[in-house]
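Undergrad: I'll drop the sequence and a predicted model, then ask my questions.
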Amino acid sequence: VLFDGAGRVVDANDRVAALYGYTPEEMRRLEVHDLRAPVEQDQLMEQFRRAQREHGLVFETEHRRRDGSTFAVEVSARPVEYGGRPHVLSIVRDITERKNHQREIERLSRMYQVVSLVNQAIVHSRSAEELSREICRVLVEVGAFRIAWIGWLDSANGWIVPAAVAGDRAGYAEGLRISVDPQRPEGLGPSGQAFRENQNYVCNDFFTEPTTGPWRERARASGFHSSMSLPIRRQRKPVGLLAVYAGERDFFGPKEIALLDEAAGDLSHALDDFARDERRRQAELALQENEARLQMLLTATPAIIYSLRDHDYTTTFISGNVERVLGYRPEEFIGNPTFWRDRVHPEDVAAALGATGRLATGGSIVREYRFLHRGGQYRWMHDELRVIPATGGRPAELIGYWIDVTARREAEQQLYTLSSAVEQSPVSVVITDLDGSIEYVNRHFTELTGYSLADVRGLNPRVFKSGHTPRETFAELWATLQRAEVWRGEFVFG
């Protein structure tokens, strides 16, 4: 998309117009704020001004389609001169799929970490009560669930009451009673059915699920939209429930269900004989296996995952795939506060460190810079970093990931070089679509003919016939082009 200095759309190709649901003509009646989602408007003008001042600017935001729907985009913007005036050229990419992939990686990473910490809790806890509290805490603080509770059956009256609860700020679990009696309304919900049928019950839309009626009113203030109830067993028979609640609909997919089922199964096994050393040994093996799976996930992804101390930005963890991407071993980063800074390209250091300084106010940053590969060449890296607040007595830390975007940056530079060469070419350049309608003319064409792009856009070149060029010449021109061959010749404009 090409914007003038005031943020008005000057030109947009067909592909980007289709992305927003407009025709190219409709796009040219819009301004930059018309494309930005309402929640992202606050940063718009500052980013536009930076794009006008700086050599190039890459950022992620949300844009808005014609029908009002929003989608995630990556914008590469840079100042250009067009028609003798300063403009901003923006290359817009729909990154919805990439964002979904990132969220899936983050979610599965959290779930693997939950299973790992559950097994650690099994190894170190000294009682079922301590273990239940720790599991609920891990599910909320690490798994990012809104609420987690564990309750046990009172066989005297057939009620299950939460005994360990975490994350319940609105008091949903307080006074919650689940019956195992199918004759009671409180026994017909997801948890009651999970207990009676001795199998997991997944509710991916709590407020439309027919069985959740008695609990909907008290659930509205808690902010969750999906839940999963898992039976806790002793000697394969249900004796209690583990229930987790997520803030989004359709949270529980096959992988999430399998990992939570594994966690509930580990808890059930631990409760069978809490004191047996063999059970603890198996939990330690499970811990190692889950850590190995997590490491395999981190190694397989193209993203380099890392964490930093919040006060001096020293690397505390970096995934093993950094060696495949950049040639360095993880231990070269860890504990060395200058290793990263010393390898950022000198021209990029100030901007990269300046972006890091904005983390002092919380939130996240996105930046791109060149980083020295062990082989001696610089690679362009896309870097996202966010603050993870302190919880449970642990200090705050910074979590981020790198992706090598060198190929993308080189392609953008080639595209920019090509577009500059065409615009500044000493010969006239005319580009048409397959029907012969003019889509682009360069500056030399305007100087030669007196016609601007606005004058000729959509016209067929036949309007320039002067009568001095034989008709056969035009016929030969179009026949050659339709064969995807190069035509060379001369004709006289009128």
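TA: Yep, it's here. Computed from a predicted structure; not experimentally measured.
Undergrad: How about K99: what's its closest non-neighbour residue?
TA: Once flanking residues are discounted, K99 sits nearest to A72: 4.7 Å by Cβ to Cβ, 6 or more residues apart in numbering. To be clear about C-beta, it is placed using only N, CA and C from the backbone, and glycine gets the same treatment.
Undergrad: I figured the one you found hits V92, correct?
TA: No - with contact defined as Cβ atoms under 8 Å, A72 does not reach V92; the gap is 10.9 Å.
Undergrad: hmm, which helix or strand of the protein has the shakiest average pLDDT?
TA: Counting by mean pLDDT, DSSP states H and E, the weakest-scoring helix or strand in the chain turns out to be helix 277-300, with a mean of 68.
Undergrad: Sort out which residues of stretch 226-242 are buried, please.
TA: 226-233, 238-242 (16 or more other Cβ atoms under 10 Å).
Undergrad: what mean pLDDT does that stretch have?
TA: Computed over stretch 226-242, the mean pLDDT rounds to 92.
Undergrad: Can you check which strand is longest in the chain?
TA: Of all the segments assigned as strand in the chain under DSSP state E, the longest by residue count is strand 70-82.
Undergrad: Output the contacting helices and strands for that strand.
TA: Applying 3 or more Cβ pairs under 8 Å, 6 or more residues apart in numbering; DSSP states H and E, we find strand 70-82 packed against helix 44-53, strand 57-64, strand 85-94, helix 96-124, helix 406-423.
Undergrad: Give me the mean pLDDT for it.
TA: On average, the pLDDT along strand 70-82 is 92.
Undergrad: which parts of that strand are buried?
TA: Going by 16+ other Cβ under 10 Å, strand 70-82 has these buried residues: 70, 72-80, 82.
Undergrad: Kindly report the same for stretch 51-59.
TA: 51-52, 57-59.
Undergrad: Pull the most distant pair out of the residues you listed.
TA: The most widely separated members of the buried residues of stretch 51-59, counting by Cβ to Cβ, are Q52 and V58 (14.9 Å).
Undergrad: on that earlier part again, okay, and which of the buried residues of stretch 226-242 map to strands?
TA: 226-233, 238-242.
Undergrad: For K99, state which of the residues you listed is nearest.
TA: S226 (19.9 Å).
Undergrad: So what sits opposite that closest one in the bridge?
TA: Applying DSSP bridges to S226 gives these bridge partners: A246.
Undergrad: That one and G489: what is the separation?
TA: Between S226 and G489 the computed distance is 67 Å (Cβ to Cβ, to the nearest Å).
Undergrad: cool, and L434?
TA: In this view, L434 and G489 are 21 Å apart by Cβ to Cβ.
Undergrad: Neighbour count for those two, which is higher?
TA: A count of neighbours by other Cβ atoms under 10 Å puts G489 above the other of L434 and G489, at 10 against 7.
Undergrad: I figured that one hits E476, correct?
TA: Yes - using Cβ under 8 Å, G489 is in contact with E476, at 7.4 Å.
Undergrad: Surely R196 is in a strand?
TA: No - assigned with DSSP: H, G, I helix; E, B strand; the rest coil, R196 falls outside any strand and is helix.
Undergrad: Do I have it right that it meets P182?
TA: Yes - between R196 and P182 a contact is recorded at 6.7 Å, counting by Cβ under 8 Å.
Undergrad: More neighbours: these two, which one.
TA: Set R196 next to P182 and count neighbours by other Cβ under 10 Å: R196 wins out with 17 against 10.
Undergrad: Contact partners for F252?
TA: Contacts for F252 (Cβ atoms under 8 Å, 6 or more residues apart in numbering) come out as 202, 204, 226, 228, 246, 260.
Undergrad: thinking again about what came up before, from the buried residues of strand 70-82, pick the one nearest T469.
TA: Checking these one by one against T469 (Cβ to Cβ), the nearest turns out to be Y82, at 30.8 Å.
Undergrad: how near is the closest one to L448?
TA: Going from Y82 to L448 by Cβ to Cβ gives 18 Å.
Undergrad: And G375, by the same measure?
TA: Distance from G375 to L448, by Cβ to Cβ: 48 Å.
Undergrad: the more surrounded of the two?
TA: For G375 versus L448, neighbours defined as other Cβ under 10 Å are more numerous around L448 (13 against 8).
Undergrad: you'd agree that one is up against S428?
TA: Yes - taking contacts as Cβ under 8 Å, L448 lies within contact range of S428: 5.4 Å.
Undergrad: What pLDDT is listed against the residue positioned nearest the centre of the chain?
TA: Nearest residue to the geometric centre of the chain (Cα atoms, centre = their mean): K99, 2.5 Å. Predicted confidence (pLDDT) for K99: 85.
Undergrad: Quick check: it vs E130, distance?
TA: K99 is 39 Å from E130, where distance means Cβ to Cβ.
Undergrad: go on, P182?
TA: On the measure of Cβ to Cβ, P182 and E130 end up 33 Å apart.
Undergrad: One more: E289?
TA: Distance from E289 to E130, by Cβ to Cβ: 24 Å.
Undergrad: go on, A258?
TA: Distance, A258 to E130, using Cβ to Cβ: 26 Å.
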